[in-house]
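Participant: any chance you can model this:
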Amino acid sequence: MVQVLDSPPSSPHIPVLLTPILNAVEPVHGRWLDGTFGAGGYTRALLDAGADCVYAIDRDPEVFERAKHWADEYGDRLVLIKGTFGQLDKLVAEHGGVPLDGIVLDIGVSSMQIDQAERGFSFMQDGPLDMRMSQNGMTAADVVNSADEAALADILYLYGEERASRRIARRIVEARKTTPIKTTKQLCEIVEAALPRAKPGQVHPATRSFQALRIVVNDELGELVRGLVAAEAVLATGGILAVVTFHSLEDRIVKRFIQTRSEQARSNRYAPEIAARSPQFEKVTKKAIGPTEAELVDNPRSRSAKLRLARRTCLLYTSPSPRDRQKSR
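Facilitator: Numbers count the residues shown, from 1 in each chain. Modelled structure (predicted):
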């Protein structure tokens, strides 16, 4: 995810594909959720456009510290919540915010995190091989130094779509026999040595390997699936789901989710008769929306971004009765 800092217009931290999101719901109203708060770019845009309230969720404890100097200007219209968007239904329900009129999810790593060498996300800067968004749990260094060669190859292939995964995994295992791999520079050099030199215009050789490790460390694909299901549970009728992705693995999950939820359930002729299920969503656009030429100029990091929009067709969430609340205690 690439998001906004409270900084001059030249800042690289810009919320991606913001304009088509706002255009899809104009005029903005009601209660919204930003499941990937980051620097607050989407949150501030939604509040400034007229949202009554935005619930902002993030797993990174640093982001709320960064927001302290501007968050108070929105008063109780902005509710900051530490957690993961895979639990957004529970987190927002605890704050009395359901049902919601819209949800925005900007999937992946923020440019703030990439730009901080000490967070270990970038192969362009030397730093500890960390990659944890929440700053707790297993690090990328833990993975590359403990996983066996076959597991490493699977990680690189499945989550980075790296064709040379076995070759890179073999090099990693050989290298760590001599010295533990603790920094981004070490890993980057190992990957570069295992691959041909990149031609002009090609992505950096370490791109796919770093992506794969980051996804595994943060369980990003599992989190995305949980987040989509949670969003379905709390969106009001007519509520908008807007998801921005940056690589094909994420986009396929979102595309498939919206496609299956926007179709009438068809029963198998060999299966027992079941009641037809009405579509839970309708597609706002048939295809994913990409950045315009103007946005690419302003924010080159948006080049791989895709936005998919869907509108909730019926309300699933029901507030628990006082009796149910008593039972759950």
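Participant: for the helix or strand hosting A151, name the packing helices and strands.
Facilitator: Here A151 sits within helix 149-160, counting by DSSP states H and E. Helices and strands touching helix 149-160, by 3 or more Cβ pairs under 8 Å, 6 or more residues apart in numbering; DSSP states H and E, are helix 140-146, helix 165-178, helix 207-218. (Each C-beta comes from the backbone N, C-alpha and C, glycine too.)
Participant: point out where this protein drops to low pLDDT.
Facilitator: 1-13, 110-113, 115, 264-277, 315-329 (pLDDT under 70).
Participant: quick test: name the residue nearest the centre of it.
Facilitator: For the chain, I107 is the residue whose C-alpha lies nearest the centre (Cα atoms, centre = their mean; 1.7 Å).
Participant: so how far is R226 from A24?
Facilitator: From A24 across to R226, the span is 24 Å (Cβ to Cβ, to the nearest Å).
Participant: kindly export the longest strand seen in the chain (C-alpha atoms) in PDB.
Facilitator: For the chain, the longest strand by residue count, based on DSSP state E, is strand 235-245. This file holds the C-alpha atoms of strand 235-245, laid out as PDB (Å, rounded to 0.1, in the frame of the first residue of the first chain):
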ATOM      1  CA  LEU A 235     -21.300  -3.600   5.000                       C
ATOM      2  CA  ALA A 236     -24.700  -2.100   4.900                       C
ATOM      3  CA  THR A 237     -27.000  -2.500   1.900                       C
ATOM      4  CA  GLY A 238     -25.500  -0.300  -0.800                       C
ATOM      5  CA  GLY A 239     -22.100  -0.100   1.000                       C
ATOM      6  CA  ILE A 240     -19.000   0.000  -1.100                       C
ATOM      7  CA  LEU A 241     -16.000  -2.300  -0.900                       C
ATOM      8  CA  ALA A 242     -12.900  -0.800  -2.500                       C
ATOM      9  CA  VAL A 243      -9.700  -3.000  -2.600                       C
ATOM     10  CA  VAL A 244      -6.400  -1.800  -4.000                       C
ATOM     11  CA  THR A 245      -3.800  -4.500  -4.800                       C
END
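Participant: and that strand, how far from the chain's centre?
Facilitator: Relative to its chain's centre, strand 235-245 lies at 14 Å (Cα atoms, centre = their mean, to the nearest Å).
Participant: which strands or helices does that strand pack on?
Facilitator: Going by 3+ Cβ pairs under 8 Å, 6+ apart, strand 235-245 lies up against helix 18-25, strand 100-106, helix 220-234, helix 248-261, strand 306-312.
Participant: please repeat the previous calculation with a cut-off of 10 Å.
Facilitator: Packing contacts for strand 235-245, counted by 3 or more Cβ pairs under 10 Å, 6 or more residues apart in numbering; DSSP states H and E, involve helix 18-25, strand 31-34, strand 100-106, helix 220-234, helix 248-261, strand 281-283, strand 306-312.
Participant: adding distance to R171 and mean neighbour count, write those out as JSON lines.
Facilitator: Below are the helices and strands packed on strand 235-245 laid out as JSON lines (distance: least, Cβ to Cβ, whole Å; neighbours: other Cβ atoms under 10 Å):
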{"stretch": "helix 18-25", "distance to R171": "41", "mean neighbour count": "19"}
{"stretch": "strand 31-34", "distance to R171": "40", "mean neighbour count": "28"}
{"stretch": "strand 100-106", "distance to R171": "33", "mean neighbour count": "26"}
{"stretch": "helix 220-234", "distance to R171": "25", "mean neighbour count": "20"}
{"stretch": "helix 248-261", "distance to R171": "23", "mean neighbour count": "17"}
{"stretch": "strand 281-283", "distance to R171": "44", "mean neighbour count": "18"}
{"stretch": "strand 306-312", "distance to R171": "32", "mean neighbour count": "23"}
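Participant: which residues touch the spatially closest residue to G222 that is not a sequence neighbour?
Facilitator: Distance criterion Cβ to Cβ, 6 or more residues apart in numbering; nearest residue to G222, sequence neighbours excluded, is G86 at 7.3 Å. For G86, the contact set (Cβ atoms under 10 Å, 6 or more residues apart in numbering) comprises 35, 57, 59, 219-220, 222-230.
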